[in-house]
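Asker: Return atomic coordinates for the entry below.
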Amino acid sequence: MDNNKMTAKEKEQKEYQDLVKQKNIKSNMLKNCIYAFIIGGLICDVGQFFSNLFLGKGMAPDEAGTCVSVIMVFLGAFFTGLGVYDNLGKFAGAGSIVPITGFANSIVSPAMEFKREGYVLGVGAKMFTIAGPVLVYGITSSVIVGLIYYIIK
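Answerer: Numbers count the residues shown, from 1 in each chain. So this is what the prediction gives:
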């Protein structure tokens, strides 16, 4: 079809595509990977610090790992509540999502967004919108594996 004889819909679609190309921001993948690596590594360093601290106090490795997980989830939720973790996520991308603190962020963020709707219908209902499927899959698969283990043994 000739460009001069485009329909109004085709012209609108072309204008939209031109606008998308104009507004599309090109990301620097190398820079983003470096930021993700550094921030993710620093988060893991904090976890390793607590692990070394607990192991140095004579705690068993399993107990220390549990305590470190609890502390890291708390820190992720705490910094999400302060609004710091969201800014860190914008800067570091996957570097802030992959560690366990990203899991805490994925639970707390929706809850904070809907807190004005009340504790039950807001916080309670929206808290697991992102992490809910992960929890359901994890709990279900662990029950199935536990049953299989029980039957085999």
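Asker: could I get the helix or strand hosting Ile139 in CSV with only the CA atoms?
Answerer: Using DSSP states H and E, Ile139 sits within helix 132-152. What follows is helix 132-152, C-alpha atoms only, in CSV (Å, rounded to 0.1, in the frame of the first residue of the first chain):
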residue,chain,number,x,y,z
GLY,A,132,2.4,-16.5,47.0
PRO,A,133,2.9,-18.8,44.0
VAL,A,134,6.5,-19.4,45.1
LEU,A,135,5.4,-20.3,48.6
VAL,A,136,2.6,-22.6,47.4
TYR,A,137,5.0,-24.4,45.0
GLY,A,138,7.7,-24.7,47.7
ILE,A,139,5.4,-25.9,50.4
THR,A,140,3.6,-28.4,48.1
SER,A,141,6.8,-29.8,46.6
SER,A,142,8.4,-30.2,50.1
VAL,A,143,5.3,-32.1,51.3
ILE,A,144,5.5,-34.4,48.3
VAL,A,145,9.2,-35.0,48.7
GLY,A,146,8.7,-35.6,52.4
LEU,A,147,6.0,-38.2,51.7
ILE,A,148,8.1,-39.9,49.1
TYR,A,149,11.0,-40.0,51.6
TYR,A,150,8.7,-41.4,54.3
ILE,A,151,7.4,-44.1,52.1
ILE,A,152,10.8,-45.1,50.8
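Asker: which secondary structure elements does that helix contact?
Answerer: Judged by 3 or more CB pairs under 8 Å, 6 or more residues apart in numbering; DSSP states H and E, helix 132-152 is in contact with no other helix or strand. No exception for glycine: its C-beta is placed from N, CA and C like everyone else's.
Asker: Check the average confidence over that helix, would you?
Answerer: Averaging pLDDT along helix 132-152 gives 84.
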